[in-house]
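Student: Let me see the structure of the following:
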Amino acid sequence: QVQLVESGGGLVQAGGSLRLSCAASGRALRGSVMGWFRQAPGKEREFVAVISWDGGTMELTDSVKGRFTISRNNAKNSISLQMNSLKPEDTAVYYCAVDQTGAMMRARVPGNADYWGQGTQVTVSS
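Tutor: As a prediction, this is how the structure comes out:
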């Protein structure tokens, strides 16, 4: 079993920045892909970013490229999402997830995640 706890959400003006963190505990995460998803009111949960076990491969959805950065610290069993130049359309609950297969493309699909955090609210005002 893996427990994921997100932190760092909040209210920010458009153009501002936030840094989300996700701390994992429980079973070892060796070989897993970890990532971030988000869900806005009335919309389906969507892929934001994933990062490989060794941190060397990252994938981000087109709408956040150049603004968001995902990073990983395996010594601390954690990942982070640095979000810059935030826009009102980034407003959502952000979730941390783990895909234990280690397959990057598979990990982009919300339904394939093995574990989820409880989510953290990000609100960007215009």
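
Student: can we go C-alpha only for contacts and neighbour counts from here?
Tutor: Noted.

Student: in the protein, which spans are helices?
Tutor: Assigned by DSSP state H, the chain shows helices spanning 104-107.

Student: Any idea which residue is closest to the centre of it?
Tutor: Note on the chain: the residue nearest the mean C-alpha position is residue 36, at 1.8 Å, using C-alpha atoms, centre = their mean.

Student: confidence score at that residue?
Tutor: At residue 36, the model reports a pLDDT of 98.

Student: gap between the two ends of stretch 87-107?
Tutor: The straight-line separation of the ends of stretch 87-107 (C-alpha to C-alpha, to the nearest Å) is 25 Å.

Student: With stretch 54-65 instead?
Tutor: End-to-end span of stretch 54-65 (C-alpha to C-alpha): 21 Å.

Student: Can you give me the neighbour number for residue 4?
Tutor: A total of 21 residues lie near residue 4 under the criterion other C-alpha atoms under 10 Å.

Student: do the same with residue 75
Tutor: Other residues within reach of residue 75, judged by other C-alpha under 10 Å, total 6.

Student: leaving aside the residues next to it on the chain, what's closest to residue 83?
Tutor: Distances taken as C-alpha to C-alpha, 6 or more residues apart in numbering put residue 68 closest to residue 83, at 4.5 Å, once the chain neighbours are dropped.

Student: Could you check how far that neighbour is from residue 41?
Tutor: 21 Å.

Student: more neighbours, these two?
Tutor: Taking neighbours as other C-alpha under 10 Å, residue 68 and residue 41 compare with residue 68 leading, 20 against 9.

Student: So the more buried one is in contact with residue 81, correct?
Tutor: Yes: counting by C-alpha atoms under 8 Å, residue 81 is a contact partner of residue 68 at 6.7 Å.

Student: In contact with residue 103, which residues?
Tutor: By C-alpha atoms under 8 Å, 6 or more residues apart in numbering, residue 103 lies in contact with 32-33.

Student: So what sits opposite residue 124 in the bridge?
Tutor: residue 12 (DSSP bridges).

Student: okay, now the closest residue to residue 87 other than its chain neighbours: neighbour count?
Tutor: Closest residue to residue 87 apart from its sequence neighbours, by C-alpha to C-alpha, 6+ apart: residue 14 at 5.0 Å. For residue 14, the neighbour count with other C-alpha under 10 Å is 17.

Student: Thanks again, I'm all set now.
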